[in-house]
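Trainee: got a predicted structure plus its sequence, pasted below:
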Amino acid sequence: QVRLVESGGGLVQTGGSLRLSCVASGSISRINAVAWYRQAPEKQRELVARFTSGGSAYYVDAVKARFTISMDNAENTMYLQMNSLKPEDTAVYYCNANIRPRYITFDNTYWGQGTQVTVSS
């Protein structure tokens, strides 16, 4: 059973930084792509950043030049470094990964449980 477990959320002041981590555990053959999403109160979940196994990164305009997504393949861990945080970044952040489980012939998409990020003004 593949699981994604996040950590690193919390309360920070405007302009501060946080680093979110997401560890993929279980029987994994390969991780094809990883992403971070967020959901603010009364809003839909939205993509924040995406990173493929080929090294290609994508960021939504709202976080460009402030957030960095990365992947440690040896540890099956993805990160989201968030700098210059703003109150509008306040949301529950979810990691997402497209994974080929071991002994399975197709890919699945998995979600973490979410971690709260609150930026005070």
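Mentor: Done, it's in. Numbering: from 1, shown residues only.

Trainee: can you pull the contacts of the residue nearest to the spatial centre of the chain?
Mentor: Centroid-nearest residue in the chain, with CA atoms, centre = their mean: residue 36, separated by 3.0 Å. The contact partners of residue 36, taken as CB atoms under 8 Å, 6 or more residues apart in numbering, are 20, 22, 47-50, 69, 78, 80, 93-96. All C-beta spots, glycine's among them, are computed from the backbone N, C-alpha and C.

Trainee: and it, bridged to which residues?
Mentor: residue 49, residue 95 (DSSP bridges).

Trainee: I'd like the distance between it and residue 54.
Mentor: From residue 36 across to residue 54, the span is 18 Å (CB to CB, to the nearest Å).

Trainee: okay, strands next: where are they in the protein?
Mentor: 3-7, 10-13, 18-25, 28-39, 46-52, 57-59, 67-72, 77-82, 91-101, 108-111, 115-120 (DSSP state E).

Trainee: want to throw these into a markdown table with mean pLDDT?
Mentor: Below are the strands of the chain laid out as a markdown table (pLDDT from 0 to 100):
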| stretch | mean pLDDT |
| --- | --- |
| strand 3-7 | 96 |
| strand 10-13 | 98 |
| strand 18-25 | 97 |
| strand 28-39 | 94 |
| strand 46-52 | 95 |
| strand 57-59 | 96 |
| strand 67-72 | 94 |
| strand 77-82 | 97 |
| strand 91-101 | 96 |
| strand 108-111 | 96 |
| strand 115-120 | 98 |
